[in-house]
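# My questions concern the predicted model and sequence given below.
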Amino acid sequence: MDDRRTRRNFPPVSPSKPRTFPPLEYASLGIRMLTYQTVLIATALLVFSNCGVTASKRQITNVDLRTGVVEGETQHARFLVYPTPSRTGRCDGQAVAQIDFSGPYKVARLMLRYEDVEPQDWTLDVSDSAAGDGFGGDGDEISNMAETQVHNRQMRVYSNSLPGHTVATINGGLLLKVVDDVVTAGTTLVIEISDERLRWNNNESIRGSIDSRYLYTLSGQAPVYGQVDYFIYAGFNRVPATTTRNGTGLCSASIIMVKSKAHRLARSPIKAEEVLALLCQTKMLRVDSVETRGQSVGNPYLLS
């Protein structure tokens, strides 16, 4: 075969010239690289330094009632009773947290995640008094004791005993509000507590709020009896005072402390601190559906 038939003529190869950039392009490229690296470094520091504190305006403490793990505990949200790991693999761990409103944080959001079976008995009880034992009672320790309980699928809110409270209640006693079917299998319920205010949202169809002087008194209001107190006590799968009133079905909870009272309990786009918190607690949190591509998505923390 004639080699000339298969031979191809290629143009001579000339040495390539390096690409040159005008000075402005060099500056722009450098800024973009610096910005990208800065974002990576800042994100890494935030994620790996302290997952319990995602921003100066918020602190997040997490408790897993299946594994017994507590993360991000601070002086503003600390546990008096720590959960123990479940022996059955169910969400039946019990814990009690003390939440302090005397410092810079004036709002506490409790994010409560329920397992895929019906909750039973007391899965949450939040009281002004460490002696809170359900149904608005605390053994008459303090007149300013309000209480919110989730029992089975129902939430009940009880007033304190300050003068005039019977006019504000729905039964002439201590009962302020009853909300049926606020939790069920798989619910994520958010309860927000601040001075004389309570809000709730089950991330489905039930939400509401109460503003009343007969709710939690967290700014130094004088009691008729007992001592001035800036704490609330949250019992998870139990009431604060005793283990005899307990429940099952609450799997994990986040205590989100917020400095400002200028807030909104509603669906809002996920923000940076929530994303970081989700990265930190991926073993504890379950996000079933998150849409991306720049779209607004439901915020699991319901933060403003």
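Nice, thanks for sending it over. If you're wondering where the values come from, they're calculated on a predicted model, not measured in any experiment.

# doesn't Gly103 make contact with His76?
Yes: His76 is within contact range of Gly103, at 5.8 Å (criterion: CB atoms under 8 Å). C-beta here means a position set from N, CA and C on the backbone, and glycine is covered the same way.

# where does the stretch 51-200 of the chain dip in pLDDT?
51-56 (pLDDT under 70).

# so where do the strands sit in it?
For the stretch 51-200 of the chain, applying DSSP state E, counting those that start in this stretch gives strands covering 58-64, 70-71, 77-81, 95-100, 107-114, 120-127, 147-151, 154-158, 175-179, 188-194, 197-201.

# Generate a markdown table for the ones you listed, with mean neighbour count and distance to Thr243 as supplementary columns.
Output for those, formatted as a markdown table (neighbours: other CB atoms under 10 Å; distance: least, CB to CB, whole Å):
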| stretch | mean neighbour count | distance to Thr243 |
| --- | --- | --- |
| strand 58-64 | 24 | 16 |
| strand 70-71 | 18 | 18 |
| strand 77-81 | 17 | 9 |
| strand 95-100 | 21 | 10 |
| strand 107-114 | 23 | 19 |
| strand 120-127 | 24 | 10 |
| strand 147-151 | 25 | 15 |
| strand 154-158 | 22 | 20 |
| strand 175-179 | 18 | 24 |
| strand 188-194 | 22 | 22 |
| strand 197-201 | 21 | 25 |
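
# Which among these is found nearest to Leu250?
Comparing the strands of the stretch 51-200 of the chain against Leu250 with CB to CB, the closest turns out to be strand 120-127 (4.1 Å).

# Let me know the angle separating that closest one from strand 107-114.
If you take axes from the mean of the first three to the mean of the last three CA atoms, to 10 degrees, strand 120-127 sits at 170 degrees to strand 107-114.

# Partner strands of strand 120-127, with direction?
Under the criterion DSSP bridges, strand 120-127 sits next to strand 147-151 (antiparallel), strand 231-236 (antiparallel), strand 247-248 (antiparallel) in its sheet.

# can you list the ones you listed in JSON lines and add distance to Thr217?
Below are the strands paired with strand 120-127 laid out as JSON lines (distance: least, CB to CB, whole Å):
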{"stretch": "strand 147-151", "distance to Thr217": "13"}
{"stretch": "strand 231-236", "distance to Thr217": "10"}
{"stretch": "strand 247-248", "distance to Thr217": "27"}
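
# Tyr82 contacts Gly68, doesn't it?
Yes: between Tyr82 and Gly68 there is a contact under CB under 8 Å: 7.2 Å.

# what's the overlap in contacts for His76 and Gly103?
Counting by CB atoms under 8 Å, 6 or more residues apart in numbering, His76 and Gly103 have no shared contacts at all.

# Those two - which one has more neighbours?
Using other CB atoms under 10 Å, the more surrounded residue of His76 and Gly103 is His76, with 18 against 12.

# Now that one. Its backbone dihedrals?
phi -90, psi -20 (degrees, to the nearest 10).

# so where do the strands sit in the stretch 201-304 of the chain?
Per DSSP E, counting those that start in this stretch, the stretch 201-304 of the chain carries strands over the ranges 207-211, 231-236, 247-248, 250-258.

# Of the ones you listed, which is nearest Ala95?
For the strands of the stretch 201-304 of the chain, proximity to Ala95 was assessed by CB to CB; strand 231-236 is nearest, at 4.6 Å.
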